[in-house]
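In: pasting the structure only:
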């Protein structure tokens, strides 16, 4: 029996010919992918030479130990290469990267539909960097690129049934296998070396109009991923076996059965079962407690009280589940009875730091509703609540649990309610970051006002919105806010300069041991800041930055990678 990858032998075979065949095979393997596979144990280590998961490591901090690029030399940061990505069934042959490749790159076709629709190739999620190969996603597309010069190794295209193609947050990797989700809600595994599909599983029903965007998270030998939807469906998190794709457990973020915890916070069981709370962003993982900690989305319908007058658990919450059982260990709701579509699905950040003079394991997050929270990571106890947006006006104060108390008149009104922020929130899903060097949490911040109108009490036919209309009336500004996790106080704010006032949020962030903070502004610039002071130190105008930057080593040289729509830009020192 022939071993996979082994050449057949023959006594009559010419030795030189055999050597030539071996050389060709070895060269092909090298070109398609030089990686030996990603041991999930590497994700447990401090983030440095690679970027092996959505946040780089399990903490969600987006802090790299690389310091080759620092405050003294960042002014010399220069462009190494740039590549435009081509989506669709003929993407690999369309292109800009093909001339660099030793042989023509491949487009591998998959999918359960017969639709060659290309829903845009804007890169919004994280890009994996493992063993000098980059893995990039957009809706229905995955690309593998050589990290040295950006040339294309292969492309995978998923023929979709349809669905909302709003974005894709990135892939996950285990050994030599990649995992990603599709807009029509399939969970797909590819061979990272070739781009060939291994299998696909239905994550959620396309007929119920779920759509999926989240980056999966690999923990040991399982892959965890959540659902997305704007309609009246229950949100849930699923764990799959990394090798076979078999389901291991499912955690619903709303009550589904009589007697379930939190049911008393809904009008009735039917309201809860249709209550949303989708965990549409990846979470963070604490290996000591074996807790996967993640955020949940808004309740549905989003803008009515047909859900009842209660808190609507466990929507708009930070939730911790045990990865072995899928059972909830604790929760903290950042926005009870949300009526503004202010999800709390953003990736929480795990901090091991000092609090009140003692070491403590913490979770920190800035929520879309304009409030910042520090929680105890073991119990979910709230330690700090602070308003990080100066214009937020929808709450009258805090209750005994440190939660904002909403002003009902600011929900929505037939005559309009002037509210800050708009439903995009004071911040949104673009990743926040934390630096242990400064002790600061960095948050993209948007300040604006909108009029919220009540237009129809019956939520049917209103895309789960419950009869609301919103009109933007003022853009105050876009910022980066740096928050002290111990107190919740904003240490500095950098306001981005724009030709006209805007309340649009900026992209996600990256921090490094070079005491730098990288991010994009709202005017097409990629910027490096002094992480302690917020002073801009360098910038490059590349167009509207669409994802959070990342950093890694190639041949011992630190690179910083960022996307602007369908174009990737890699920078390094010269």
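Out: In hand now; what should we look at? Just so you know, these numbers come straight off a predicted model, no measurement behind them. Numbers count the residues shown, from 1 in each chain.
In: Now do residue 374, the pLDDT please.
Out: Residue 374 is assigned a pLDDT of 98 by the prediction.
In: what packs against the helix or strand where it lies?
Out: Element membership for residue 374 (DSSP states H and E) is strand 371-376. Applying 3 or more CB pairs under 8 Å, 6 or more residues apart in numbering; DSSP states H and E, one finds that strand 371-376 contacts strand 358-366, strand 382-387. The way it works is simple: take the backbone N, C-alpha and C, and place the C-beta from them, glycine included.
In: Beyond the last one, next helix or strand please.
Out: Once strand 382-387 ends, the next helix or strand along the chain (criterion: DSSP H and E) is strand 395-398.
In: Contacts for that following strand, please.
Out: 369, 371, 385, 404, 405, 406, 407 (CB atoms under 8 Å, 6 or more residues apart in numbering).
In: just the buried members of those?
Out: 369, 371, 385, 404, 406 (16 or more other CB atoms under 10 Å).
In: Please tell me how far the last one sits from residue 344.
Out: Spatial separation of residue 406 from residue 344 under the definition CB to CB, to the nearest Å is 14 Å.
In: can you check the fourth one too?
Out: Distance from residue 404 to residue 344, counting by CB to CB: 12 Å.
In: Quickly list what's touching both of those two.
Out: Joint contacts of residue 404 and residue 344 (CB under 8 Å, 6+ apart) are 335, 369.
In: my guess is residue 86 contacts residue 92, does it?
Out: Yes: assessed by CB atoms under 8 Å, residue 86 is found in contact with residue 92 at 7.3 Å.
In: what is in contact with these two at once?
Out: residue 155.
In: Give me the most central residue, the chain.
Out: Of all residues in the chain, the one closest to the mean position by CA atoms, centre = their mean is residue 169, 4.7 Å from it.
In: so that residue touches residue 215, yeah?
Out: Yes: judged on CB under 8 Å, residue 169 makes contact with residue 215 at a distance of 4.0 Å.
In: shared neighbours, these two?
Out: By CB under 8 Å, 6+ apart, the residues touching both residue 169 and residue 215 are 54, 125, 126, 281, 282.
In: Neighbours of the first one, how many?
Out: When neighbours are counted by other CB atoms under 10 Å, residue 54 registers 29.
In: Also the fourth one?
Out: Around residue 281 sit 24 other residues, with neighbours defined as other CB under 10 Å.
In: Is it correct that it is in contact with residue 429?
Out: Yes: counting by CB under 8 Å, residue 429 is a contact partner of residue 281 at 5.6 Å.
In: tell me, what's touching the two both at once?
Out: 169, 345, 346.
In: between those residues, which is closest to residue 555?
Out: residue 169 (28.7 Å; CB to CB).
In: any idea how far that closest one is from residue 126?
Out: 7 Å.
In: just residue 338 next, same as before
Out: The value you get for residue 338 to residue 126, if CB to CB is used, is 27 Å.
In: Please apply the same query to residue 254.
Out: Residue 254 is 28 Å from residue 126, by CB to CB.
In: Now do the longest strand belonging to the chain and strand 358-366, the angle between them.
Out: If you go by DSSP state E, the chain has its longest strand at strand 468-484. Relative orientation of strand 468-484 versus strand 358-366 (axes from the mean of the first three to the mean of the last three CA atoms, to 10 degrees): 150 degrees.
In: And strand 468-484, what's buried?
Out: For strand 468-484, using 16+ other CB under 10 Å, the buried residues are 468, 470, 475, 476, 477, 478, 479, 480, 481, 482, 483, 484.
In: who touches the closest residue in space to the fourth one that isn't next to it in sequence in this structure?
Out: Just to be clear, that refers to residue 476. Leaving aside its chain neighbours, residue 476 sits nearest to residue 447 (3.9 Å; criterion: CB to CB, 6 or more residues apart in numbering). Counting by CB under 8 Å, 6+ apart, residue 447 makes contact with 389, 390, 391, 420, 421, 426, 476, 477, 478, 479, 503.
In: need the contact list for the third one.
Out: For residue 391, the set of contacting residues under the criterion of CB under 8 Å, 6+ apart consists of 370, 420, 421, 447, 448, 449, 476.
In: From residue 445, how far off is it?
Out: For residue 391 relative to residue 445 (CB to CB), the value is 10 Å.
In: tell me, how many neighbours does residue 446 end up with?
Out: Considering only other CB under 10 Å, residue 446 is surrounded by 27 other residues.
In: That one reaches residue 420, doesn't it?
Out: No: assessed by CB under 8 Å, residue 446 is found out of contact with residue 420, at 9.8 Å.
In: what bridges to the nearest residue to residue 522 once chain neighbours are set aside?
Out: Once flanking residues are discounted, residue 522 sits nearest to residue 478: 4.7 Å by CB to CB, 6+ apart. Here residue 478 sits in beta bridges with residue 446, going by DSSP bridges.
In: how close does residue 478 get to residue 444?
Out: In terms of CB to CB, residue 478 sits 8 Å off from residue 444.
In: And for residue 547?
Out: Distance from residue 547 to residue 444, by CB to CB: 12 Å.
In: again with residue 560
Out: 18 Å.
In: on that earlier part again, let me know the pLDDT of the residue nearest to residue 476.
Out: pLDDT, residue 447: 95.
In: ok, now which ones touch residue 212?
Out: With CB under 8 Å, 6+ apart, residue 212 has these contacts: 181-187, 203-204, 225, 227-228, 280.
In: low pLDDT regions in the protein?
Out: 1-36, 93-104, 456-467, 499-501 (pLDDT under 70).
In: Swap in 80 and give it another go.
Out: 1-36, 93-104, 106, 115, 117-120, 303-305, 455-469, 499-504 (pLDDT under 80).
In: Helices of that one, start to end?
Out: 15-32, 269-273 (DSSP state H).
In: picking that back up, shared neighbours of residue 169 and residue 126, anything?
Out: With CB under 8 Å, 6+ apart as the test, residue 169 and residue 126 both reach 54, 215.
In: Give the buried residues for stretch 541-552.
Out: For stretch 541-552, the neighbour count (16+ other CB under 10 Å) marks 542, 544, 545, 546, 547, 548, 549, 550, 551, 552 as buried.
In: and which of the residues you listed is nearest residue 131?
Out: The closest of these, once distances to residue 131 are taken by CB to CB, is residue 552, at 10.3 Å.
In: so who does residue 370 touch?
Out: 387, 388, 389, 391, 392, 394, 420, 421, 425, 426.
In: Residue 434 reaches residue 482, doesn't it?
Out: No: using CB under 8 Å as the test, residue 434 is too far from residue 482 to be in contact (10.1 Å).
In: between the two, what contacts are shared?
Out: By CB under 8 Å, 6+ apart, the residues touching both residue 434 and residue 482 are 440, 441, 442.
In: Please, where are all the strands along the stretch 201-350 of the chain?
Out: Along the stretch 201-350 of the chain, counting by DSSP state E, counting those that start in this stretch, strands occupy 217-219, 222-226, 236-241, 247-252, 284-286, 291-295, 317-322, 328-333, 349-355.
In: Distance from the chain centre to the first one, please.
Out: Looking back up the chat, that one is strand 217-219. Distance of strand 217-219 from its chain centroid, counting by CA atoms, centre = their mean, to the nearest Å, is 13 Å.
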